[in-house]
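K.L.:
Provide a 3D model corresponding to the input given below.
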Amino acid sequence: MTLIASRTCSVPECARPAFIGGMCRLHYRRLQTARKAAVAPGAWRLEGYDTFSGEEYELGSAHDGLKPSYPTYGEALADAHRRLEYLERTQPSRSSGGQASGGIQDRVYIVHPDGRKERVFPVTAPDGSRS
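P.N.:
Okay, here's the model as predicted:
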């Protein structure tokens, strides 16, 4: 996640620098907490991890085009792979090191209904290419 120092938070009367979605870190984290509380029990979620800044971030908003929750593991996994494809376009492995150990490309996790997190890796074809 990148701090955008030239803009301020979109929350009225907040003068902190904008972060993601036009909000400062404080208001963005409050929104994440509220979003987690709104997810139906037994739902699957996706979560990102910015390896460069060392911060987790929620996936599933109008900003990223993903759903806030999924009724099945399969649906969550399919969107997780779509997110990895997006990350490959925006943070190419050739410059970021990709998903390999030591790479700084963002990570994607499926959050199980019980809260466990499972890291998702790109699908690799037998010839070693990504699909």
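K.L.:
The longest helix anywhere in the chain - contacts with which helices or strands?
P.N.:
Using DSSP state H to define each element, the chain has its longest helix at helix 73-90. Secondary-structure packing of helix 73-90 (3 or more Cβ pairs under 8 Å, 6 or more residues apart in numbering; DSSP states H and E): strand 45-50, strand 107-111, strand 117-120. All C-beta atoms are positioned from the backbone trio N, CA, C, and that covers glycine.
K.L.:
could you redo the last one with a cut-off of 6 Å?
P.N.:
Packing contacts for helix 73-90, counted by 3 or more Cβ pairs under 6 Å, 6 or more residues apart in numbering; DSSP states H and E, involve strand 107-111.
K.L.:
so where is this structure shaky, pLDDT-wise?
P.N.:
Scanning the chain with the threshold set as pLDDT under 70 gives 1-6, 19-21, 31-41, 62-63, 124-131.
K.L.:
What are the structural domain limits within it?
P.N.:
1-38, 41-131 (automatic domain parsing).
K.L.:
Next up, the contacts around the spatially most central residue of the chain.
P.N.:
Residue closest to the average C-alpha location in the chain (Cα atoms, centre = their mean): Gly48, at 2.8 Å. Gly48 is in contact with 57, 59, 106, 108, counting by Cβ atoms under 6 Å, 6 or more residues apart in numbering.
K.L.:
Kindly recompute the last result at 8 Å.
P.N.:
Contact analysis of Gly48 by Cβ atoms under 8 Å, 6 or more residues apart in numbering lists 56-59, 83, 106-109.
K.L.:
same thing with Tyr70?
P.N.:
43-46, 76, 79 are the contacts of Tyr70 under Cβ under 8 Å, 6+ apart.
K.L.:
go again using 6 Å as the cut-off
P.N.:
Residues in contact with Tyr70, defined by Cβ under 6 Å, 6+ apart, are 44, 76.
K.L.:
Now it. Its backbone dihedrals?
P.N.:
In terms of degrees, to the nearest 10, the main-chain angles of Tyr70 are phi -130, psi 140.
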